[in-house]
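> Quick check, what structure comes out for this input:
(chains A, B, C and D)
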Number of protein chains: 2
Amino acid sequence: MNASPRRKELTRLAAQLFVQEGFDRTTVRMLAQEMGIKSGSLFHHFKDKQEILAAVIEEGTQNALSIAKAALNTCDADPESRLHAMARAHLETLFADRNAHVVALFEWRRLDPAARAHLGHLRDAYEALWVTVINEALAAGIIHGDRFLVSKFILGALNWTVRWYDPTGQRTPDDLADELVAMIMSR
Amino acid sequence: MNASPRRKELTRLAAQLFVQEGFDRTTVRMLAQEMGIKSGSLFHHFKDKQEILAAVIEEGTQNALSIAKAALNTCDADPESRLHAMARAHLETLFADRNAHVVALFEWRRLDPAARAHLGHLRDAYEALWVTVINEALAAGIIHGDRFLVSKFILGALNWTVRWYDPTGQRTPDDLADELVAMIMSR
DNA sequence: TCTATAACCAAGCAAGCGCTAGTGTGAGTG
DNA sequence: CACTCACACTAGCGCTTGCTTGGTTATAGA
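Down below sits the predicted model:
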């Protein structure tokens, strides 16, 4: 289907409901009500409920990808700056598009195989950026350890923030990123 | 309700299905079939579907608590040994009772308020062990940073392992624990 | 003014849901 | 023997689900 502005707005609302209730418990009637239309009208915009889920996740992942690329293009070239930039970019998009990313992280299994394959490639492209930056940091000796485990630990710590971080508190996402990088860097 | 051995076995089967399908998509008919009984008979053992979820999570959390306590009681008294012991214990229970813990981590929101309050206290008791150990490690200067953030990052990295760790691979849970502790310790 | 099209609606279908009611049944107990 | 009780069964109620249908309205270009 197309990418009309209306559809984009509906996708944003769907993401919010999916986070609030979970994908399975969000009914097409709830989605329609939130969008100010009747449930039947929803199927004019999306062919089925699955497609709404895929649209939400695609939107979020695309944003993550472009934000991370932009961050790497504007930061300093040294491995430490690039590591900082990726961590900051990750948390920036995680909380700017929080709903979409929570859905991507916790409702991934509800995607049908076709959508999962398509979106899987998108996610791989994003993770490839991380692999590069972490390899550089390891080569430069500013962090140590098994490259696979280090990647998983860092991304785990970052992704888990959506479960406890309070954006209305005093800490900014950048604070979190800096603290995490400081924690794992050898001194 | 009671804690008969039969009920314990049914709880184990339920945990497996909840992980495979998610709580919402697991129907009482599926549960019953897996247990080798008819759907109506299920309500002889559990008063409703909610209670099955609560039983699964309670089982997992109790195990985590006793394993962690045992680990702290048998390890050396220095902060580094205790940190190691907690990380190892966490991953040990995470993969010994993998199904129960995955349910606890990702289906927590499906608990009704009463069960959430009760199980919340259990979980708090477990997290209190972590707080103690991390405070000791900070005081001893073997790790650095904000105590709140450090806790969250460590637990995030550990909990996220259920999303990627392959128990049939070469790495043991203890390997993961050691690598994580090494990564965050100042050298 | 005519027409194409996007957007919407009321109504409802078939399937599946959690759960209940009422009824055996076989093992243990007095 | 009579009785209880844990456990399982059949049958289906009342409701919700995702999705479809057939038809109406708003808007904009020719």
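> quick one: the biggest helix by length in chain A near chain B?
Of all segments of type helix in chain A, defined using DSSP state H, the longest is helix A:113-140. No: figure legend: helix A:113-140 not in contact with chain B (CB under 8 Å from any CB of the partner chain); closest approach 11.3 Å. Backbone N, C-alpha and C define where each C-beta goes, glycine included.
> So which bits of that helix are buried?
A:115, A:119, A:122-123, A:126, A:129-130, A:133-134, A:136-138 (16 or more other CB atoms under 10 Å in any protein chain shown).
> Next SSE downstream of the helix or strand bottoming out on mean pLDDT in chain A?
Taking mean pLDDT, DSSP states H and E as the measure, the helix or strand of chain A with the lowest value is helix A:39-45, at a mean of 85. Sequence order places helix A:49-74 as the next helix or strand after helix A:39-45, per DSSP states H and E.
> For the longest helix of chain A, name the packing helices and strands.
helix A:49-74, helix A:79-96, helix A:147-160 (3 or more CB pairs under 8 Å, 6 or more residues apart in numbering or on different chains; DSSP states H and E).
> Looking at those, which is nearest to residue A:174?
Comparing the helices and strands packed on helix A:113-140 against residue A:174 with CB to CB, the closest turns out to be helix A:79-96 (5.5 Å).
> Point me to the residue of chain A nearest DNA strand C.
Nearest residue of chain A to DNA strand C (CB to the nearest atom of the strand) works out as residue A:40 at 2.5 Å.
> now that residue: how far from residue A:156?
Note on residue A:40: its distance to residue A:156, by CB to CB, to the nearest Å, is 42 Å.
> Compare the two (neighbour count), which wins?
residue A:156 (22 against 10; other CB atoms under 10 Å in any protein chain shown).
> Nearest residue to the more buried one in space, ignoring adjacent ones along the chain?
Spatial nearest neighbour of residue A:156, excluding adjacent residues (CB to CB, 6 or more residues apart in numbering or on different chains): residue B:160 at 2.7 Å.
> related to what we said a few turns ago, enumerate every residue touching the residue of chain A closest to DNA strand C.
Contact analysis of residue A:40 by CB atoms under 8 Å, 6 or more residues apart in numbering or on different chains lists residue A:32.
> if we can go back for a sec, identify the residues contacting the residue nearest to residue A:156.
For residue B:160, the contacting residues are A:152-153, A:155-157, A:159-160, by CB under 8 Å, 6+ apart.
> Roughly how far does it sit from residue B:17?
From residue B:160 over to residue B:17 (counting by CB to CB), the distance is 23 Å.
> List the neighbours of stretch A:72-88 that are in contact with it.
So stretch A:72-88 is in contact with A:68, A:71, A:89, A:129-130, A:133-134, A:136-137, A:139-140, A:142-143, A:154, A:158, A:173-174, A:177-178, A:180-181, A:185, going by CB under 8 Å, 6+ apart.
> In chain A, where is pLDDT below threshold?
A:1-4, A:187 (pLDDT under 70).
> Name the residues of chain A found near DNA strand D, please.
A:26-29, A:39-40, A:43, A:47-50 (CB under 7 Å from any atom of the strand).
> Compare these and tell me which is most surrounded.
When neighbours are counted by other CB under 10 Å, residue A:26 leads the residues of chain A next to DNA strand D with 21 neighbours.
> so which strand or helix has that one?
Following DSSP H and E, there is no helix or strand that holds residue A:26.
> In space, what's closest to it - neighbours in sequence excluded?
Per CB to CB, 6+ apart, closest to residue A:26 is residue A:17, 4.9 Å.
> what does residue A:13 give?
Nearest non-adjacent residue to residue A:13 (CB to CB, 6+ apart): residue A:34, at 5.1 Å.
> can you check residue A:112 too?
With CB to CB, 6+ apart, the residue lying closest to residue A:112 is residue A:50, at 5.4 Å.
> and the one you found, what does it touch?
Residues near residue A:50 by CB under 8 Å, 6+ apart: A:110-112, A:115.
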